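K.L.:
Fold the following for me, if possible:
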Amino acid sequence: MKGFDVYQQQSASWTRIDMLLAAYDGAIARLKKAHQMLTDDNEQAARPLLIRAQRIVLELYAGLDLRHGQIPENMQRLYLYVLHAIGQLDAESIASAVTILERIREGLKSIREEAIELERTGAVHPVDHDPKMILQAIG
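P.N.:
Residues are numbered from 1 along each chain as shown. Below is the predicted model:
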């Protein structure tokens, strides 16, 4: 079964946290592939992957609501660092970006069940837009 088919089956039940995790997975996977290509001295092949990863991180950045204090402000700084690292076009910087995104993803995954429950009970509003938008960003 193709990824899009799986997505269509699951899209009705996707939560905010699942969409975030998918975005992180997409960025991390592309950065890891690009890292390998840069290590193999193939910058030209790495560029499209780096651009896609940047787009995903920019979508995450755009989704921050800075009215909620220090956490989104810190996330903003981390995203800016990751974007800068991706722009360096060297394997060491890309590895650093991957490490940061993986740590954030681990933190999100650790609160997944709680986040789903908050969304289920209405304490957090459910996704208010078509989940296909996130698929376009990570696809």
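
K.L.:
Could you find the residue nearest the spatial middle of the chain?
P.N.:
For the chain, the residue nearest the mean C-alpha position is Tyr24 (2.6 Å; C-alpha atoms, centre = their mean).

K.L.:
In which helix or strand does that one reside?
P.N.:
Tyr24 belongs to helix 16-39 when assigned by DSSP states H and E.

K.L.:
Pull out the buried residues from the helix or strand just after that helix.
P.N.:
Per DSSP H and E, helix 16-39 leads on to helix 43-62 as the next helix or strand towards the C-terminus. By neighbour count on 16 or more other C-beta atoms under 10 Å, the buried set for helix 43-62 is Ala46, Leu49, Leu50, Arg52, Ala53, Gln54, Arg55, Ile56, Val57, Glu59, Leu60, Tyr61. Using the backbone N, CA and C atoms, a C-beta is placed for each residue, glycine as well.

K.L.:
Next: stretch 85-96.
P.N.:
So for stretch 85-96, counting by 16+ other C-beta under 10 Å, buried means Ala85, Ile86, Ala91, Ser93, Ile94, Ala95, Ser96.
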